[in-house]
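Undergrad: Here is a sequence with its predicted model. Questions after.
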Amino acid sequence: MWAWIYSPDRLPRSYNKWIKTAAMVDHRLLLALQRMRFGEIKYGLETGQAPLLQSMCTDLNLPLSYGDPVQSIPYPCEIVHMGSGKNCEYHALSRLLRGFTWAFSTYLPLNLILALRNPNKRALLHALKSSIRSSALLGSFIALFYYGICLARSRIGPRILGTSTVACQKIDSGICIASGCAVCGWSVLLENAGRRKELGLFVVPRALATLFPRRYRWEDRL
């Protein structure tokens, strides 16, 4: 998730696109996080970046001041919640439900197709259970990632680092995303041991690949 936000070009394009679809996040928020990370947006300093999130505030019917890093230190969590209100816990729950629904609509048809190779009540029940478990994992992963961000921004981070402009800058320049990354991985415990191994074999190579410059075949660059 760290690479997806800060170095998306280091991920396979199909994987990047899949995460973007599952995350359901406004691209302007991603740009703001990247610009905070690389010093283009600084709290309390006019750098001409206010229009980025102010346009998002307009779409969400939020005050324009929320998107101005000079007036709002830090940006209110309502922007991160993208229309789900002020409460961080409610936002996490809404993310869980949306993530589960999206994943279930994908996993159930696939598992049913596999079950139809040998159609019987047991196979269909297994397909349903497998779909629910996998959807719960993905929904929890998404919800925990967003809630981890909120923990760093508004629940725990300010109590440890304070609420000064410098502290807010540090939190939104990487600490909040690191917190989300640290928390979301625990969702894997919802899967059975065998499935966890499969997920590890799928994710680990992609995670390691982000440590090196990504090279594309010449035809992929056309």
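TA: Yes, it's here. Residues are numbered from 1 along each chain as shown.

Undergrad: With adjacent residues omitted, what lies nearest to residue 50?
TA: residue 68 (4.3 Å; C-beta to C-beta, 6 or more residues apart in numbering). Quick note: C-beta positions are derived from backbone N, CA and C, even for glycine.

Undergrad: Hmm, that neighbour is touching residue 48, no?
TA: No - at 11.0 Å, residue 68 does not count as touching residue 48 under the criterion of C-beta atoms under 8 Å.

Undergrad: and those two? which has more neighbours close in?
TA: Neighbour totals were compared for residue 68 and residue 48, and residue 68 leads with 18 against 8 (other C-beta atoms under 10 Å).

Undergrad: do you know how far that one is from residue 161?
TA: According to C-beta to C-beta, to the nearest Å, residue 68 stands 22 Å off from residue 161.

Undergrad: Same question for residue 179.
TA: For residue 179, the distance to residue 161 (C-beta to C-beta) stands at 12 Å.

Undergrad: Looking at those two, which is more packed in?
TA: More neighbours surround residue 179 than the other of residue 179 and residue 161, with 22 against 15 (other C-beta under 10 Å).

Undergrad: Tell me the spacing between the more buried one and residue 197.
TA: Counting by C-beta to C-beta - residue 179 and residue 197 are separated by 27 Å.

Undergrad: and residue 22, what is it in contact with?
TA: By C-beta atoms under 8 Å, 6 or more residues apart in numbering, the residues touching residue 22 are 99, 102, 103, 138, 142.

Undergrad: Kindly recompute the last result at 10 Å.
TA: By C-beta atoms under 10 Å, 6 or more residues apart in numbering, the contact set of residue 22 is 98, 99, 102, 103, 106, 138, 139, 141, 142.

Undergrad: Report the buried residues of the helix ranked longest in the chain.
TA: For the chain, the helix with the greatest residue count under DSSP state H is helix 121-150. Residues of helix 121-150 classed as buried by neighbour count (16 or more other C-beta atoms under 10 Å): 123, 127-128, 130-132, 134-150.
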